[in-house]
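> Quick one: sequence and predicted model below, then my questions.
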Amino acid sequence: MAQLAPSPGELIHEVILLYTRFIVQAQTVMSGTIQERNLHSRIIEAESNSEMDEREQLCAGLTPYMAPRAGLAWQPKLFHDADTAAEYWNATVRRIEILDPSAVQLIDNLLAQDPRDYLSAENHLQRLRNSAELHAFTNKVKTHLQIWHRAFWPLYQQTLTHSPGESPSYFCLINLRIEYLTMSIYSMFSAACDYEYVLSITPECRELLELCEILLQKRVANAKRFSTTFSMHTGLSWHLVFVAINCRDPIARETAIRILETYPRQDGLWSSQALVEIAKKNRRIEAENFNEGTPQEQWQRLNRRVFLLEDAGETLVFRYIRKNGDTGKWEFSEEYAHLRSSPREAAALEWKDRPLSCEGCTLQWGRTADASSGTLWPGMGCSIPRIAAG
């Protein structure tokens with residue numbers, strides 16, 4: 001191992017992260033259809049008993065490389081440079097990731113098994129909101145984030161005040177601020193069903209939009225570099241579509257769509273073109289949903305939206321609650337549309353109804369949690385590159 005790199009543990013960690021990002025993104029982007037994924041999952045589950053020992057040995061062998069490196073156990077009270085802040089951020093994310101598997105299983109146990117049973121699903125979501133275990137998990141995440149942010153904030157404020165846009169550390173710190181904001185929001189999935197909480201994060205959503213656009217403008221200025229249109233380090237497109245779907249400020253949602261359209265990019269498996277179409281579909285869902293009920297009732301329906309991308313992102317799938325014109329009842333529905341080959345094709349996509357394709361209940365709040373997912377953090381858990389590395 002020593003022949004691979006001066007610090008082989010760090011090299012292995014980076015390789016694991018690379019594959020982890022694809023695994024996380026594969027929760028929403030599938031090579032085939034949802035039915036094929038479900039079938040594949042059942043086959044793996046059926047074969048898991050005979051392969052469990054081998055998998056456990058593999059996981060046990062990789063676990064040490066996901067732990068924070070030696071020397072980062074105690075964090076300084078203040079960071080004095082962006083590299084140090086980035087290194088401790090990566091360590092903080094690694095610590096949070098260690099908490100992740102138990103929470104995934106807990107959410108999976110709390111979710112309803114049939115998304116068509118609206119009342120049953122709402123009862124399970126109420127259990128999710130009231131779960132002491134989930135509250136304990138989110139409190140642990142908040143503690144890790146607060147410790148890091150107390151050391152980060154003075155450096156961030158100083159850099160933005162004295163050298164805005166003039167140094168590489170400026171953009172690194174903005175990137176870190178984005179990751180902190182999104183991790184803080186995404187980790188609060190136990191409160192995602194509460195309209196008042198979602199309304200309260202509007203300022204954070206607006207800040208996310210401003211910071212994402214600053215980074216995207218910088219990458220446009222460096223247009224000769226391939227990394228300006230393709231990235232594996234960050235999930236800016238995912239953060240923007242999160243705001244476009246979940247923020248309760250209509251102007252902020254429209255701003256997120258504008259940014260996605262203005263700066264086309266490919267964040268790993270996530271195409272901004274596909275996410276723009278998802279956001280536009282959500283715009284119509286929001287308009288229909290707004291016509292009935294209190295803000296909390298409206299959000300309870302919107303909170304059940306799930307989008308997925310089939311056929312390597314060429315087919316868009318959106319499941320949501322829609323009012324049945326014949327019965328007057330709100331019911332689950334699923335629609336799909338084929339993505340056009342050219343983003344310049346101005347005509348709206350043709351969305352068509354189809355039967356519900358997912359057998360289990362899926363909850364999507366900055367991440368996907370269902371029987372096929374293995375993490376809570378799409379777009380998160382991504383290491384921030386040091387300044388020296390570009």
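Cool, got the structure.
> What is the burial count for the closest residue to A192 other than its chain neighbours?
The spatial neighbour of A192 that comes closest, neighbours along the chain excluded (CB to CB, 6 or more residues apart in numbering), is W365 at 4.0 Å. Heads up, the C-betas are built off the backbone N, CA and C, glycines and all. W365 has 22 neighbours, counted by other CB atoms under 10 Å.
> W365 against S190, yeah?
No: the pair W365 / S190 is not scored as a contact, 9.6 Å apart, by CB atoms under 8 Å.
> and the strand or helix carrying Y170, which residues are buried?
Take DSSP states H and E as the rule and Y170 turns out to sit in helix 168-186. Neighbour counts over helix 168-186 (16 or more other CB atoms under 10 Å) mark 169-186 as buried.
> And whatever helix or strand comes next after it, what does it pack against?
Proceeding N to C from helix 168-186, the next assigned helix or strand is helix 195-200, under DSSP H and E. Contacts defined by 3 or more CB pairs under 8 Å, 6 or more residues apart in numbering; DSSP states H and E place helix 195-200 against helix 295-302.
> Who are the packing partners of the helix it packs on?
Applying 3+ CB pairs under 8 Å, 6+ apart, we find helix 295-302 packed against helix 195-200, helix 272-289, strand 315-323.
> So which residues make contact with the first one?
Taking contacts as CB atoms under 8 Å, 6 or more residues apart in numbering, the residues outside helix 195-200 that touch it are M188, A191, A192, N246, R248, P295, Q296, Q298, W299, Q300.
> burial of the closest residue to the second one other than its chain neighbours, as a residue count?
What sits nearest to A191 in space, not counting adjacent residues and going by CB to CB, 6+ apart, is Y197, at 4.2 Å. The burial count assigned to Y197 is 14, neighbours taken as other CB under 10 Å.
> what about the strands in the chain?
Taking DSSP state E as the test, the strands found in the chain are 230-231, 266-267, 270-271, 306-310, 315-323, 330-338, 352-354, 363-364, 368-369.
> got a markdown table for the ones you listed, with mean pLDDT and mean neighbour count too?
Below are those laid out as a markdown table (pLDDT from 0 to 100; neighbours: other CB atoms under 10 Å):
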| stretch | mean pLDDT | mean neighbour count |
| --- | --- | --- |
| strand 230-231 | 74 | 14 |
| strand 266-267 | 86 | 20 |
| strand 270-271 | 88 | 22 |
| strand 306-310 | 89 | 22 |
| strand 315-323 | 92 | 20 |
| strand 330-338 | 91 | 17 |
| strand 352-354 | 94 | 10 |
| strand 363-364 | 66 | 24 |
| strand 368-369 | 42 | 22 |
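> which one of the helices and strands packed on helix 295-302 lies closest to E213?
When those are compared by CB to CB, helix 272-289 sits nearest E213, at 13.0 Å.
> Please identify the buried residues of that closest one?
Neighbour-count burial for helix 272-289, counted by 16+ other CB under 10 Å, picks out 272-279, 281-282, 285-286, 289.
> TSV please, covering these and showing pLDDT and distance to T255.
Listed next are these as TSV, based on pLDDT from 0 to 100; distance: CB to CB, whole Å:
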residue	pLDDT	distance to T255
S272	91	14
Q273	91	18
A274	93	19
L275	93	14
V276	95	13
E277	95	17
I278	95	16
A279	96	11
K281	96	18
N282	96	14
I285	95	18
E286	96	15
N289	94	20
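> Of those, just say which sits nearest to T33.
Looking across the buried residues of helix 272-289 and measuring by CB to CB, the closest to T33 is A274, at 15.7 Å.
> okay, and for the stretch 151-300 of the chain, where does confidence drop off?
Low-confidence segments of the stretch 151-300 of the chain (pLDDT under 70): 166, 223-228, 233-234.
> how about a cut-off of 50?
For the stretch 151-300 of the chain, applying pLDDT under 50 flags the ranges 226-228.
> looking at it, T92 is touching H144, isn't it?
Yes: between T92 and H144 a contact is recorded at 5.3 Å, counting by CB under 8 Å.
> So for these two, which residue has more residues nearby?
Using other CB under 10 Å as the criterion, T92 and H144 rank with T92 on top: 23 against 18.
> OK, contacts around that one?
Here T92 is in contact with H144, L145, I147, W148 (criterion: CB under 8 Å, 6+ apart).
> Find the nearest non-adjacent residue to the last one, please.
Nearest non-adjacent residue to W148, counting by CB to CB, 6+ apart: T92, 4.6 Å away.
> so how far is E288 from the one you found?
Per CB to CB, to the nearest Å, T92 is found 41 Å from E288.
> go on, E335?
Distance from E335 to E288, by CB to CB: 13 Å.
> residues in contact with N324?
When contacts are counted by CB under 8 Å, 6+ apart, N324 touches W330, E331.
> Please apply the same query to E36.
Neighbouring residues of E36 by CB under 8 Å, 6+ apart: M30.
> follow-up on the earlier one: which single one of the contacts of T92 is nearest to I321?
Checking the contacts of T92 one by one against I321 (CB to CB), the nearest turns out to be L145, at 32.1 Å.
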